[in-house]
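1. No letters, just coordinates:
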């Protein structure tokens with residue numbers, strides 16, 4: 001079974017939307033509401049790609065990315081930043097992300113970013 005896509009976002013409606021669309025395309029999906037939950041998911045089963053919101057409670061996207069790289073720097077899965085910020089490219093660069101998607105987003109853009117990250121990862 002291919003590695004799941006890990007969706008990390010504190011917006012549960014957005015988590016469920018991404019889960020429905022990605023599972024509809026044949027992907028396995030795990031979800032987490034913050035970076036701490038995402039690290040626990042990572043420990044259980046390494047994802048193929050991570051869709052990462054940056055502004056979340058408990059542990060934000062920057063803290064999560066730093067903790068992930070500290071745990072598994074050589075094999076960290078590709079990150080796609082998903083953010084409503086005015087500077088998504090800068091945020092993506094700050095965490096070494098493979099790509100970024102601005103909210104609100106087009107689901108085709110999400111699928112393209114996921115497929116590209118999986119191919120590169």
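-> That came in fine, so what should we check first? Only a predicted model underlies this, so the values are computations on that prediction, with no experimental measurement involved. Residues are numbered from 1 along each chain as shown.

2. quick one: contacts for residue 49?
-> Going by Cβ atoms under 8 Å, 6 or more residues apart in numbering, residue 49 touches 5, 6, 77, 78, 79, 80, 98, 114, 117, 118, 121. Using the backbone N, CA and C atoms, a C-beta is placed for each residue, glycine as well.

3. Kindly report the same for residue 51.
-> 5, 6, 7, 8, 9, 18, 80, 82, 101, 110, 114.

4. sorry, back to before: filter the contacts of residue 49 down to the ones in strands?
-> Judged by DSSP state E, these include 5, 6, 79, 80 as members of strands.

5. Widest-spaced pair of the residues you listed?
-> Spatially, the most separated pair among the ones in strands among the contacts of residue 49 is 5 and 79, at 11.4 Å (Cβ to Cβ).

6. So for the two, which residues contact both of them?
-> Residues touching both residue 5 and residue 79 by Cβ under 8 Å, 6+ apart: 49, 50.

7. just to revisit the earlier point, wait, which of the contacts of residue 51 is closest to residue 38?
-> residue 8 (4.3 Å).
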